[in-house]
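Novice: After the sequence you'll find the predicted model.
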Amino acid sequence: MKVIVGSKNPVKSRAVENILKKIYPEQEVEVLSREVDSGVPDQPLGQDETIQGAVNRAKNAYSEEFDLSVGIESGLVPVKETITGYVDMQWCAIYDGEKVTLGVSAGFEYPPHVVEEVLKGREVGHIMDELTGVDNLGKKRGAVSFLTDGLLDRVGNSEQCVLMAMVPWMNSDLYKI
């Protein structure tokens with residue numbers, strides 16, 4: 001199986017590879033990556049914008065030499081009854097040249113200061129780099145690892161959305177795909 005991820009972020013590629021190797025243990029799984037345009041702002045706000053970024057990444061990465069293409073996008077989604085009014089959610093889109101399936105990871109809240117800065121136009125990644133003192137935190141263990149004291153890292157969080165997006169492929173007879 002040959003798969004392309006629409007991002008050069010190594011965390012996303014690792015998450016895709018980890019999940020697909022578990023789903024298809026008898027197959028050789030080759031995961032490549034390429035940088036593509038998400039078609040949404042660098043810091044997506046809202047569920048629709050975040051999902052569109054994931055779908056755009058998957059479709060923009062796809063070419064017929066691949067069995068599947070994968071787009072993963074994180075964004076802040078408005079959620080009532082939260083401290084900040086927003087939850088970070090990571091969406092995955094998987095595309096085979098015809099159809100798209102979607103999955104989402106567990107969501108979490110950033111500290112209020114981080115959300116306030118994002119709403120002023122800054123990216124979460126830059127703010128979290130400053131807060132933690134780690135350059136490119138999002139390409140390493142991720143903010144979720146920092147905020148959970150290492151109980152969940154970004155690879156694990158990304159694996160969640162990839163697995164959920166694979167559910168229809170794993171059950172193609174039930175989903176008629």
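Specialist: Nice, thanks for sending it over.

Novice: And residue 4, how far from residue 169?
Specialist: The gap separating residue 4 from residue 169 is 16 Å, by CB to CB, to the nearest Å. (Each C-beta comes from the backbone N, C-alpha and C, glycine too.)

Novice: Neighbour count for the two, which is higher?
Specialist: Higher neighbour count among residue 4 and residue 169: residue 4, with 26 against 17, using other CB atoms under 10 Å.

Novice: helix/strand/coil for residue 73?
Specialist: Secondary structure state of residue 73, per DSSP: H, G, I helix; E, B strand; the rest coil, is strand.

Novice: Strands along the chain, start to end?
Specialist: Along the chain, counting by DSSP state E, strands occupy 2-5, 30-33, 68-78, 86-95, 100-104.

Novice: what helices or strands is the longest one leaning on?
Specialist: Under the contact criterion of 3 or more CB pairs under 8 Å, 6 or more residues apart in numbering; DSSP states H and E, strand 68-78 touches strand 2-5, helix 10-23, helix 47-61, strand 86-95, helix 154-170.

Novice: Any buried residues in the third one, and which?
Specialist: By that I understand helix 47-61. Residues 47, 49-61 are the ones in helix 47-61 that count as buried (16 or more other CB atoms under 10 Å).
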